[in-house]
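S.K.: okay, here's the prediction I keep looking at, along with the sequence it came from:
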Amino acid sequence: MELLKRTVERIEGLNEDVMKECRDRVDNLIKPQGSLGKLEDLAVQMSGITGEMFPVLDNKAIIVMAADHGVCDEGVASAPQVVTVVQTYNIPKGITGVGALAAVAGADLVTVDIGVQEDLEYGDTIINKKVKYGTDNMTKGPAMTYEEAVKALETGIEVAESEIKKGRKIIGTGEMGIGNTTPSTAILSVLGEIAPEEITGIGANLDASMVENKANVIRRAIALNCPDKKDPIDVLAKVGGLDIAGMAGTMLGCAANKTPCIVDGYISTMAALIACAIEPKTKNYLVTSHFSKEKGAKTASELLGLTPMLDMNMRLGEGSGAVLVFNIIDAAINMNKAMITFQEGGIGVV
């Protein structure tokens, strides 16, 4: 708990002076004011995070948290849990969705076993940070203990800080865990006080009867465990997941170290909700990447209060949406750096 406490205490507001300077420049670039939309806001946010007018965010990584979920025993997933193991091996090889896209963005993949149900062969490609062998079945009791939830959060912090010390300038969040839309929807149901059937989606292509079962499972888990929405760690422990906790910790670690963090889709947004509930200033350091196609995604983004950059009809996870935003952020910074202002162009009247 000490690492979590120290990390939260280090999270500050953005550099308002540099943001004002950046906004003044962006508003006077040789274009109609506001005509480059979200790129303008991104440039200002990146300056506020880093304290630099023209930050260089050229050492990029997606941290992928891999974990299993005991609630899969209730038939909430269309794929067997062994897929978590298989994909955890495949992700660092660059042969999954996020790998293909990361190669284009020039981003590295950092794969973390935070709770896969089997022991893996770790070597240099997978980081062993296993908190436990998957969460417990949340329809039988809490998904994990409060202490395990804290440990998973602190694991995310540790991994983020380790990568930042290696020189990472910008980090995206990703996950791998069969069944993880179920705890994600349970978290959203609790934090948003929304009935599960209103936000439960198809996940990895469930049919209608399985979606109905999934919503019922979520309702039973919430009724049994009575998570306290005023305590985000209690919610995480009772109906969450180790991968979600790890991503939330990553976001807190990035915020404490003034490093931009890109939120992937639906499941990453649940992590962002938890992180921002723990420390609201974390939101300043986040960029939400895309509107997931998952049913509850729009509601989750609205609850978080951040509008995603893209709407691509994607719902893969892994960090596949987050990695797309790396190049957009590069474009935003280069817009500010490469374009001239009206004054620099010898035009006195804007």
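M.R.: Happy to help now that I have it. Numbers count the residues shown, from 1 in each chain.

S.K.: so if we follow the domain assignment, how does the protein break up?
M.R.: Each domain of the chain is listed here as a residue range: 2-55+334-338, 60-328, per automatic domain parsing.

S.K.: go through these and name the closest to Gly348.
M.R.: domain 2-55+334-338 (11.6 Å; CB to CB). Heads up, the C-betas are built off the backbone N, CA and C, glycines and all.

S.K.: returning to what we had before: from the domains of the chain, which stretch is densest packed?
M.R.: Compared across these, domain 60-328 shows the largest average neighbour count, a mean of 22 (mean count of other CB atoms under 10 Å).

S.K.: show me where this protein has helices.
M.R.: 2-10, 16-27, 37-50, 82-90, 97-105, 146-165, 181-192, 196-199, 208-225, 232-239, 242-256, 266-278, 297-304, 322-338 (DSSP state H).

S.K.: just so I know, which of these lies nearest Phe291?
M.R.: Among these, helix 297-304 sits nearest to Phe291 (CB to CB), with 5.9 Å.

S.K.: so the closest one versus helix 181-192, what angle?
M.R.: On the basis of axes from the mean of the first three to the mean of the last three CA atoms, to 10 degrees, helix 297-304 is oriented at 40 degrees to helix 181-192.

S.K.: now Tyr122. Its backbone dihedrals?
M.R.: phi -90, psi -60 (degrees, to the nearest 10).

S.K.: quick check: closest non-adjacent residue to it.
M.R.: Asn128 (4.7 Å; CB to CB, 6 or more residues apart in numbering).

S.K.: out of the helices of the chain, nearest to Ala66?
M.R.: So among the helices of the chain, helix 82-90 is nearest, using CB to CB, at 4.2 Å.

S.K.: tell me the angle that closest one makes with helix 97-105.
M.R.: Using the same axes, to 10 degrees, helix 82-90 lies at 20 degrees relative to helix 97-105.

S.K.: and helix 82-90, what does it pack against?
M.R.: strand 60-67, strand 170-176 (3 or more CB pairs under 8 Å, 6 or more residues apart in numbering; DSSP states H and E).
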